[in-house]
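K.L.:
okay, here's the prediction I keep looking at, along with the sequence it came from:
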Amino acid sequence: MLTYDSVERSPAVQLRQYGSDGGQRFVVLGGGLAGLATARELLTRGHSVTLIEKGSEVGGLARTFEQDGFRFDIGGHRFHSNNPTVVQWLKDLLKTDLLTVPRHSHIYLNQRFVNYPIQFPGALAIFSPAKAAHMVASYLSAKVTERNRQDVSFEDWVIKRYGRALYEVFFQPYTEKVWGIACEELAATWASQRIGLPSMWEMLKHAIAPAKNTPATAISEFYYPRRGFGMIPATLEREILDMGGMIHTSAKLIACEPIEAGFQVSVVLENGVQRTIHADCVVSSIPVNALLQSIPEHLGSHEILAQAKLEYRDLICLMVALKKEQVSTDSWTYFPHRNLMFGRTHEPKNWSPEMVPDPSYTSLAIEIFSSRGEGSWNLPDDEILKTVVDQMDQIGWIKKADVHKNWVLRVPYAYPVYRKGYAENLTVVKDYLSQWSNLHLVGRTGSFHYMNSDGVIEDVFRLIEELFPQEATAVQPLIVSGRWM
Ligand SMILES: Cc1cc2nc3c(=O)[nH]c(=O)nc-3n(C[C@H](O)[C@H](O)[C@H](O)COP(=O)(O)OP(=O)(O)OC[C@H]3O[C@@H](n4cnc5c(N)ncnc54)[C@H](O)[C@@H]3O)c2cc1C
């Protein structure tokens, strides 16, 4: 059975001891992309770095799992950035191992597969003329009736801009499936950061003159490492070790205790040995809640934890190897329907042929949005497989008979949840932590900021600039990619 924190691996990846002289002593908490990229930047500047990772290997959400020659990312990770510095960072890291892959996706709506991002008039054509007319009318009337609606929730934000009918058909079902909460509970910030669909006016213009104005977002390209996204953390890990960095995996963080000249970070290693490391500076990329828990209670950390109630959404990944050459040519396929257990699939072979052991096979990485404590989270693996495969068979996506092998991976802390009020709560946490000028948050999980890996790399650059202001670099401001899913 696969578990997120413990994956079979060669014993050599267990514990490495390297040292580095000079500079400041940094402890980096968490070995995902944020922690690894930070560690590498610090080492190149001559500082000493010890990285603490609770899992048995580094990579976090950016890992690639290999099972019997089939490779799976957690949900399929493509790399895209509008920031040339970030793209160059990746190219320098992976060199010839980086592929360029065309992107085209579909969404399953009204028993039909429609292009995603949604394009018009194609998308309206799957509905009856009356329903399509109702959507247009709802959009037009929202311009008047919803004009003064405040942007508090996701629901407010979308209805004001697209009308209720489009909201109910296109936006609400998938969003509620992903987050497991009602759209009226989700902060409007989420919508404003992520929805990059054209306005209805633009859609209608395409409907009238589609040939002149094909949406640029319909087909684009992205970068992908040829043996899976996990090549990025694996390469970073290798470079960190080559530069003398120290990485502790399977290391349980017991305490991060502020002392006069820095922090004492205590961990228990897999062999039961406890270690206390003195740090001049701590960079945390672990869940904010875990960091607060590690700070001694008498400093008020647990009160802040209870007050802030920051939530993360978990995820189940069902990875299926199939005895057939291809399911579709899609990069991703979205399944918003509430009655379907799964929400999104991705076919790794479409991104790189090296993701399968033999070209006569393919595979699907299937995302099931679920959190610890929910019904589907607690189901036995074979029941998850049976439900998903039965449903896919029924809608004609795959055939039961094609299933060759399967694995289930439960992924905690997959997404920070932007519940209404989260921003104020996050400010409370950040204000509290800011009393220690040598404690820094970085990355998606560590700073509770929904960003893709390109955003994480920009965040690392931002941190490095903050730590070493004397080094003026030409890093551009954070560009949050406008994408709803
Ligand atoms: C389903 C899914 C699909 C995605 N698709 C894309 C995509 O297509 N493109 C893209 O660019 N990005 C994508 N992302 C986002 C991308 O994965 C993240 O932006 C990035 O990996 C976050 O890196 P991080 O280091 O901030 O966090 P994480 O990867 O979460 O790293 C945090 C690390 O801290 C460790 N940790 C936790 N608690 C402790 C503790 N107590 N002590 C020590 N260590 C601890 C964890 O094990 C983990 O390794 C996707 C994410 C998900 C969930």
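P.N.:
In hand now; what should we look at? Numbers count the residues shown, from 1 in each chain.

K.L.:
return the set of buried residues in the longest strand seen in the chain.
P.N.:
When the chain is parsed with DSSP state E, its longest strand is strand 403-416. Using 16 or more other C-beta atoms under 10 Å as the test for burial, strand 403-416 gives 403, 406, 407, 408, 409, 410, 411, 413, 414, 415, 416. C-beta coordinates here come from the backbone N, C-alpha and C atoms, glycine included.

K.L.:
and what of stretch 64-73?
P.N.:
Applying 16+ other C-beta under 10 Å to stretch 64-73 flags 64, 65, 66, 67, 70, 71, 72, 73 as buried.

K.L.:
for that stretch, measure first residue to last.
P.N.:
Taking C-alpha to C-alpha, to the nearest Å as the measure, stretch 64-73 stretches 4 Å from start to finish.

K.L.:
try stretch 99-118
P.N.:
Length of stretch 99-118, first residue to last, C-alpha to C-alpha: 26 Å.

K.L.:
so for that stretch, what's the average pLDDT?
P.N.:
Averaged across stretch 99-118, pLDDT comes to 90.

K.L.:
where does residue 107 land in three-state SS?
P.N.:
Counting by DSSP: H, G, I helix; E, B strand; the rest coil, the backbone at residue 107 sits in strand.

K.L.:
who are the contact partners of it?
P.N.:
113, 114, 115, 116, 118, 174, 333, 334, 335, 336 (C-beta atoms under 8 Å, 6 or more residues apart in numbering).

K.L.:
which residues does the residue in the stretch 301-450 of the chain that the ligand sits nearest to contact?
P.N.:
Closest residue of the stretch 301-450 of the chain to the ligand, C-beta to the nearest ligand atom: residue 443 (2.6 Å). Residue 443 makes contacts with 30, 32, 33, 34, 35, 285, 451, 456, 459, 460, as judged by C-beta under 8 Å, 6+ apart.

K.L.:
closest one to the ligand out of those residues, please.
P.N.:
Proximity of these to the ligand (C-beta to the nearest ligand atom) peaks at residue 32, which lies at 2.1 Å.

K.L.:
quick one, phi psi at the closest one?
P.N.:
phi -80, psi -170 (degrees, to the nearest 10).

K.L.:
which residue is the nearest non-sequential neighbour of it?
P.N.:
Leaving aside its sequence neighbours, residue 32 sits nearest to residue 60 (C-beta to C-beta, 6 or more residues apart in numbering; 2.6 Å).

K.L.:
I'd say the one you found and residue 51 touch.
P.N.:
No - Residue 60 is beyond contact range of residue 51, at 11.7 Å (criterion: C-beta atoms under 8 Å).

K.L.:
overlap in contacts, those two.
P.N.:
30, 31, 35.

K.L.:
which one of those residues sits in the busiest neighbourhood?
P.N.:
residue 35 (33 neighbours; other C-beta atoms under 10 Å).

K.L.:
pLDDT value on that residue, please?
P.N.:
Looking at residue 35, its pLDDT reads 98.
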